[in-house]
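Student: My questions are about this predicted structure, shown below with the sequence.
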Amino acid sequence: MNIELLSGINGVFSTCVAVTAAICLLAVLIAWYTIRHRIALSQVILGVFSYMLAMLVENVFTMVQASAGIPESGVLTMLYLIVSVVVSRELVRLLMMKFTLVTHFDNADSALGFALGFAGFYLLVCAVYYFEIFSAVNEYLKSGADAFFASAGTEAESAYEFLLQSTEMTSAQYIMVGLSRVFFLVRELGLCVLLWYAMKEEKMRYWLVLVPIMSAIAYLPDRLYTAGMLTDQMVRDIATYVLSAGIIAIAAVAYNKREDQVAHFKVEKLRARRRK
């Protein structure tokens, strides 16, 4: 073990990792609090199940990549990664919304509940992961390198690899990744709403094609980075912010044109009075 490689671990680093975990958790809680009276728990559960199913499909693509000998970098890899993530997530989302959500619910807010489960589950997983990093880093700083690895016993090498992997990003990069997760959540809310309208309105059918395309475009910076064709993480994250913001704006316009915002406000106000 080369302890010098862990020199980037300090109090600021630990704090930024904790803030990143908090950002992911708070994003889900704020989203839930905002739409809690418009959605049903069954919609959220359906979204969680759909995301887990999408991850299984994506893992199949990963195994195929390994067995087919597709390289880990380059244009071919980038294209394969985009196809795998879009096919797995968009196909599962389309089928689950088409044959379960649309058939059992009759308003666009149900798509928000589905999206909260679909994307919110991922953010909660991220929050747990970042908190694990924070806990390990905090213990490392508190007890010192020698005592930390001594207490790990036979798992010392694994603990070292875990800490070393956590330092692949700087403090600022952790915060930027946390913000990317927030944009991902809101973007998925928008995409699910657009897909809902595509299934419900004849004149919106073209969104059945546009939603997967927009999703692929949003994932492009991350896949370019994973394929080694983009080396600056900051550029990746900023590009993701911009693309996600564009999708969010399109979805917001479509939603506001079709939904009665006054009715939503009155229902929220009435429920607030009842709680008092």
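Tutor: Arrived safely.

Student: where's residue 114, which helix or strand?
Tutor: helix 109-143 (DSSP states H and E).

Student: Residue 73 now?
Tutor: Using DSSP H and E, no helix or strand contains residue 73.

Student: Look up how far residue 223 lies from it.
Tutor: In this structure, residue 73 and residue 223 are 11 Å apart, going by Cβ to Cβ, to the nearest Å. From N, CA and C alone the C-beta is placed, and that goes for glycine too.

Student: ok, back up a step: packing partners for the helix holding residue 114?
Tutor: helix 11-35, helix 41-68, helix 145-152, helix 156-166, helix 171-200 (3 or more Cβ pairs under 8 Å, 6 or more residues apart in numbering; DSSP states H and E).

Student: want to throw those helices into CSV with mean neighbour count?
Tutor: Output for these, formatted as CSV (neighbours: other Cβ atoms under 10 Å):
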stretch, mean neighbour count
helix 11-35, 18
helix 41-68, 16
helix 145-152, 14
helix 156-166, 15
helix 171-200, 21
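
Student: out of these, which comes closest to residue 94?
Tutor: Of all those, it is helix 171-200 that lies closest to residue 94, at 6.8 Å by Cβ to Cβ.

Student: can you tell me the average pLDDT over the closest one?
Tutor: What helix 171-200 shows for mean pLDDT is 96.

Student: Just the C-alphas of the helix or strand following it, formatted as CSV.
Tutor: The helix or strand immediately downstream of helix 171-200 is helix 207-226, counting by DSSP H and E. What follows is helix 207-226, C-alpha atoms only, in CSV (Å, rounded to 0.1, in the frame of the first residue of the first chain):
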residue,chain,number,x,y,z
TRP,A,207,-42.5,11.9,-28.4
LEU,A,208,-42.4,8.1,-28.3
VAL,A,209,-39.3,8.5,-30.6
LEU,A,210,-38.1,11.8,-29.3
VAL,A,211,-37.9,10.8,-25.6
PRO,A,212,-35.3,8.0,-26.2
ILE,A,213,-33.4,10.4,-28.5
MET,A,214,-33.3,13.1,-25.9
SER,A,215,-32.3,10.6,-23.2
ALA,A,216,-29.4,9.4,-25.4
ILE,A,217,-28.3,13.0,-26.0
ALA,A,218,-28.4,13.6,-22.2
TYR,A,219,-26.2,10.6,-21.5
LEU,A,220,-23.7,11.5,-24.3
PRO,A,221,-21.3,13.5,-22.1
ASP,A,222,-21.1,10.8,-19.5
ARG,A,223,-20.6,8.0,-22.2
LEU,A,224,-17.9,10.1,-23.9
TYR,A,225,-16.1,10.3,-20.6
THR,A,226,-16.5,6.6,-19.9
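
Student: shift numbering so it begins at 808
Tutor: Fine by me, first position is 808 from now on; the one you just mentioned is helix 1014-1033.

Student: Report the inter-axis angle for helix 1014-1033 versus helix 978-1007.
Tutor: With axes from the mean of the first three to the mean of the last three Cα atoms, to 10 degrees defining the directions, helix 1014-1033 sits at 160 degrees from helix 978-1007.

Student: Contacts for helix 1014-1033, please.
Tutor: The contact list for helix 1014-1033 (Cβ atoms under 8 Å, 6 or more residues apart in numbering) reads 884-885, 888-889, 892-893, 896-897, 901, 994, 998, 1001-1002, 1004-1006, 1037-1038, 1040, 1042-1044, 1046-1047, 1050-1051, 1054, 1057.

Student: and these, which are buried?
Tutor: For the contacts of helix 1014-1033, a burial check counting by 16 or more other Cβ atoms under 10 Å picks out 884-885, 888-889, 892-893, 896-897, 901, 994, 998, 1001-1002, 1004-1006, 1037, 1040, 1043-1044, 1046-1047, 1050-1051, 1054, 1057.
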